[in-house]
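> heads up, no residue letters with this:
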DNA sequence: TTGAAAGCGCTAACAG
DNA sequence: CTGTTAGCGCTTTCAA
């Protein structure tokens, strides 16, 4: 390439990296040469990029170990529109910077104790952002390895890593207040989004209003809860529903399953059972009835993660900072 | 690292790449050193990987240019569970090979004529698989640049690139036969999945049965068709519906929109209008009524793409080969 | 089987 | 402003 254009490699490099101090005429020549040759710089060779300008960033997706390839619908995260939304949000920030996004799935069991987790090896001097479950060792490992990282939720164990999260309590309160306004007593119940119930202790305990005795409000969820939509059944929902007036569900996919279960059981929503969901993806609108949801600004959160990550990459000594987003209530039909 | 273990870098390299000709004892030492140091090879430095063993592969996502960040639900591909399913399928093959997946969004307008498309620059000696629209110049560009690539559908312009696709005609036939069996006349109508209507000429023309005069079957779709789910409206559906007995819709997201539109118009599904959809994601089961769909094995198709891509990377001179998958009909409630 | 040495394709520091 | 000269961190001959 350099020879083709009749200049030194250095000059070509300068042109490509748009260093200002290049004679316009030479620049011209080089650019034409590039166009003619169809030359594409081999980014892999820019070894010295890091840590200021790694070419790519990893999105680490934690998925349950028990996922099955041939069972796509049980395949939570990858079936969930979530992945796409997060990707879109992150790319909105990354793309203009010319940074690529590498998707790295990670079974919870992944890092074979003592070793650097695969995702770390993967990103090496790169860096990675990651969702976390409360018992997830990954955050600590990343921190120990000095790999710039941003988490998509508050880590279970305190780790000096930046994270982005949604104000769970506010979300629970919004849901509770709405249900109360609809005439449902919620006193004394732990009201928290179910998918997040993995965290130890009540997250969104919301003592609002006075409770009746017959009426109950339940949070449905927990780690084992799958939206087994195909069967049209939802074991936990089925088991609990008869005694419940309202439900607060962790995400739209679960809600779809719950709605089906309720329907199968002959319960009307929202007349018999009110349903509020924590999520708000396109699925919320597709459901019948459409879901009343506590909405988290997923795209913006992902964008913020990317932004934070970039900051940490540029300044490795930067202090961890977390950004908490406020959820909002979107009232539709289910409650 | 080399000094830490008291050996040459070459040996470390050999251990890491598990070259057999290494003294077990030395190997032992090096491995311990690695474990102790927490050493992680900097994959970026393996300049010579390509073309046989590029560290990563790109998944190029073509998205409409008119997408808006703050309008997530209109944001087709990234809202679509599709992305996750494709990702999952591809990773199933890539992951065991230790190859990463880079997600690269690409506006249709992207490649500024004459230049290597951004995604090409991105993958450079890497390689990339890509969806294609009939007028998409990308396939040709990739081929011209000699970048190994596999397409997710038959390219509009013939290009000697491998692709994976689903047998559209069979899909259309399955849908038609089902509708006919339900008593709907379909004679003389172009029955083809709408999203694919971008392809020139009828794809799945299916002259089955004898047609009545009042009854019609329409394919709904086209490039401009968005599942504007929030508005609960679907302009094209609304415009066409009154005169239609059945619909064959390109994908689940569109179908959700259509179902809403039909409901808003007071039409019952499937009693008044039968709906068959070409897709089958989790959304199909979430809908009310659940969608009768022509199912494409998305995960398997993606896995096959990855497999083909790997073959092309290993042998750049390999002849293009396309793999066509057979769709199947999943009868649920909408028809 | 191992180490020394020569790159890989690119960027950065340094003269001119 | 530009070319020359060192590397980057790793792999890969090529002798030993």
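Received it, and whenever you're ready, just let me know what you need. From a predicted model like this one, the values you see are computed outputs, not experimental measurements. Numbering: from 1, shown residues only, chains lettered A, B, ... in the order given.
> My reading is that residue A:247 lies in a strand. Confirm?
Yes - under DSSP: H, G, I helix; E, B strand; the rest coil, residue A:247 sits within a strand.
> Could you measure from it over to residue A:270?
10 Å (CB to CB, to the nearest Å). Bear in mind the C-beta positions are built from the backbone N, C-alpha and C, glycine included.
> got it, and residue A:277?
Distance from residue A:277 to residue A:270, by CB to CB: 12 Å.
> repeat for residue A:297
From residue A:297 across to residue A:270, the span is 25 Å (CB to CB).
> From what I see, residue A:172 and residue A:248 are in contact.
Yes - counting by CB atoms under 8 Å, residue A:172 does reach residue A:248; the two are 7.3 Å apart.
> the more surrounded of those two?
residue A:248 (32 against 28; other CB atoms under 10 Å in any protein chain shown).
> Kindly state the pLDDT recorded for that one?
Per-residue pLDDT puts residue A:248 at 72.
> Likewise for residue A:30?
90.
> Give me the helices and strands touching whichever strand or helix holds it, please.
Here residue A:30, judged by DSSP states H and E, is contained in helix A:24-37. Judged by 3 or more CB pairs under 8 Å, 6 or more residues apart in numbering or on different chains; DSSP states H and E, helix A:24-37 is in contact with helix A:2-5, helix A:9-16.
> Which among those helices is found nearest to DNA strand D?
Among the helices and strands packed on helix A:24-37, the nearest to DNA strand D by CB to the nearest atom of the strand is helix A:9-16 (3.5 Å).
> Contacts made by that closest one with the rest, please.
A:1, A:2, A:5, A:21, A:22, A:26, A:27, A:30, A:31, A:34, A:41 (CB atoms under 8 Å, 6 or more residues apart in numbering or on different chains).
> and it, what's its mean pLDDT?
89.
> and it with helix A:24-37, angle?
Angle, helix A:9-16 to helix A:24-37, by axes from the mean of the first three to the mean of the last three CA atoms, to 10 degrees: 90 degrees.
> Show me what counts as buried in helix A:9-16.
For helix A:9-16, the neighbour count (16 or more other CB atoms under 10 Å in any protein chain shown) marks A:11, A:12, A:14, A:15, A:16 as buried.
> near DNA strand C at all, it?
Yes - judged by CB under 7 Å from any atom of the strand, helix A:9-16 and DNA strand C are in contact via A:9, A:10, A:12, A:13, A:16.
> Columns distance to residue A:334 on top of these, output as a markdown table?
Compiled in a markdown table, the residues of helix A:9-16 next to DNA strand C are given as follows (distance: CB to CB, whole Å):
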| residue | distance to residue A:334 |
| --- | --- |
| A:9 | 63 |
| A:10 | 64 |
| A:12 | 60 |
| A:13 | 58 |
| A:16 | 54 |
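> count of neighbours near whichever residue of chain A sits closest to DNA strand D?
Scanning chain A for proximity to DNA strand D using CB to the nearest atom of the strand identifies residue A:23 as nearest, at 2.6 Å. Neighbourhood size, residue A:23 [other CB under 10 Å]: 10.
> quick one: residue A:289 and residue A:180, what's the gap?
Separation of residue A:289 from residue A:180 (CB to CB): 20 Å.
> One more: residue A:98?
50 Å.
> Of these two, which one has the most company?
Using other CB under 10 Å, the more surrounded residue of residue A:98 and residue A:180 is residue A:180, with 18 against 13.
> The more buried one - that's part of a helix, no?
Yes - Residue A:180: assigned to a helix according to three-state DSSP.
> can you pull the pLDDT of it?
The per-residue pLDDT of residue A:180 was computed as 71.
> Neighbours of the residue nearest to residue A:6 when sequence neighbours are not counted, how many?
Among residues not flanking residue A:6 along the chain, residue A:29 sits closest, at 7.2 Å (CB to CB, 6 or more residues apart in numbering or on different chains). For residue A:29, the neighbour count with other CB under 10 Å is 16.
> One more: residue A:167?
15.
> How about residue A:176?
25.
> the strands in the stretch 1-150 of chain A, which residues?
A:56-63, A:100-107, A:128-130, A:149-151 (DSSP state E, counting those that start in this stretch).
> Including distance to DNA strand D, mean pLDDT and mean neighbour count, could these go into a markdown table?
Putting the strands of the stretch 1-150 of chain A into a markdown table (distance: least, CB to the nearest atom of the strand, whole Å; pLDDT from 0 to 100; neighbours: other CB atoms under 10 Å in any protein chain shown) gives the following:
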| stretch | distance to DNA strand D | mean pLDDT | mean neighbour count |
| --- | --- | --- | --- |
| strand A:56-63 | 16 | 76 | 23 |
| strand A:100-107 | 18 | 76 | 21 |
| strand A:128-130 | 18 | 53 | 26 |
| strand A:149-151 | 20 | 86 | 28 |
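> Redo these as a markdown table? Include distance to residue B:330.
Conversion of those to a markdown table gives the following (distance: least, CB to CB, whole Å):
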| stretch | distance to residue B:330 |
| --- | --- |
| strand A:56-63 | 25 |
| strand A:100-107 | 27 |
| strand A:128-130 | 35 |
| strand A:149-151 | 38 |
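> ok, the residue nearest to residue A:6 - contacts?
Counting by CB under 8 Å, 6+ apart, the residues that residue A:29 touches are A:5, A:6, A:7.
> May I see the residues you listed arranged in CSV, with neighbour count as well?
Formatted as CSV, the contacts of residue A:29 follow (neighbours: other CB atoms under 10 Å in any protein chain shown):
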residue, neighbour count
A:5, 21
A:6, 11
A:7, 20
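> nearest to residue B:102, of these?
The shortest approach to residue B:102 among the contacts of residue A:29 belongs to residue A:5, at 29.1 Å (CB to CB).
> correct me, but the closest one touches residue A:33?
Yes - if you go by CB under 8 Å, residue A:5 and residue A:33 touch, sitting 3.6 Å apart.
> From residue B:316, how far off is the residue nearest to residue A:6?
Residue A:29 is 30 Å from residue B:316, by CB to CB.
> same check, this time on residue A:24
38 Å.
> ok, these two, which is more surrounded?
For residue A:24 versus residue B:316, neighbours defined as other CB under 10 Å are more numerous around residue B:316 (12 against 7).
> for residue A:158, helix, strand, or coil?
Residue A:158 is classified as coil under three-state DSSP.
> For it, grab the count of nearby residues.
Counted with other CB under 10 Å, residue A:158 comes out at 9.
> where does the stretch 1-150 of chain A have low pLDDT?
For the stretch 1-150 of chain A, the stretches with pLDDT under 70 are A:43-55, A:62-81, A:107-135.
> Settle it for me: which of residue A:247 and residue A:270 has more neighbours?
More neighbours surround residue A:247 than the other of residue A:247 and residue A:270, with 29 against 20 (other CB under 10 Å).
> looking at this, residue A:276 is in a strand?
Yes - under three-state DSSP, residue A:276 sits within a strand.
> In contact with it, which residues?
Counted by CB under 8 Å, 6+ apart, residue A:276 has contacts A:175, A:178-179, A:246-249, A:291-294, A:334-335.
> again, only this time at 6 Å
Residues near residue A:276 by CB atoms under 6 Å, 6 or more residues apart in numbering or on different chains: A:175, A:248, A:292, A:335.
> Please tell me how far the spatially closest residue to residue A:100 that is not a sequence neighbour sits from residue A:90.
Spatial nearest neighbour of residue A:100, chain neighbours left out: residue A:56 (3.8 Å); criterion: CB to CB, 6+ apart. To residue A:90, residue A:56 is 12 Å away according to CB to CB.
> That'll do, ta.
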